[in-house]
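Novice: Kindly generate the corresponding structure for this input.
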Amino acid sequence: MSASGEDKKRETAIAITDDDDRPYVEPYVQKPAFKVGQRVYLLGRGPYLVAMVSNGRYVLSEENGDPVGNGAEFGPDQLQAV
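Specialist: Below you'll find the predicted structure:
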């Protein structure tokens, strides 16, 4: 399975099959809740734009590109889609 784009998080898991006792790394993709450029509310404030997605955390910006909270990262539980 191939993954592309900034809106996907790549993780790995070790798997052992019944047919072969050799372990191998099996990548899978976990899609984030929000996409870059999407408008969201931050704990009742906003709306802001998602500026960056990294490991399930989100950096927000104002419409003019200014970072929210000095570029702080926010979790999906702190955001709400507009």
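Novice: Show me the beta-bridge partners of Val40.
Specialist: Tyr48, Ala81 (DSSP bridges).
Novice: Can you give me the buried ones in stretch 73-81?
Specialist: By neighbour count on 16 or more other Cβ atoms under 10 Å, the buried set for stretch 73-81 is Phe74, Leu79. In this view, the C-beta of every residue, glycine as well, is placed from N, C-alpha and C.
Novice: Any idea how far apart the tips of that stretch sit?
Specialist: For stretch 73-81, the first-to-last residue distance is 16 Å (Cα to Cα, to the nearest Å).
Novice: Please apply the same query to stretch 38-57.
Specialist: OK, stretch 38-57 end separation, Cα to Cα: 14 Å.
Novice: likewise stretch 66-82?
Specialist: Between the opening and closing residues of stretch 66-82 lies a distance of 19 Å (Cα to Cα).
Novice: Kindly report the same for stretch 67-80.
Specialist: End-to-end distance (Cα to Cα), stretch 67-80: 18 Å.
Novice: same deal with stretch 72-82?
Specialist: Stretch 72-82 has an end-to-end distance of 20 Å (Cα to Cα).
Novice: Nice, that's everything, thank you.
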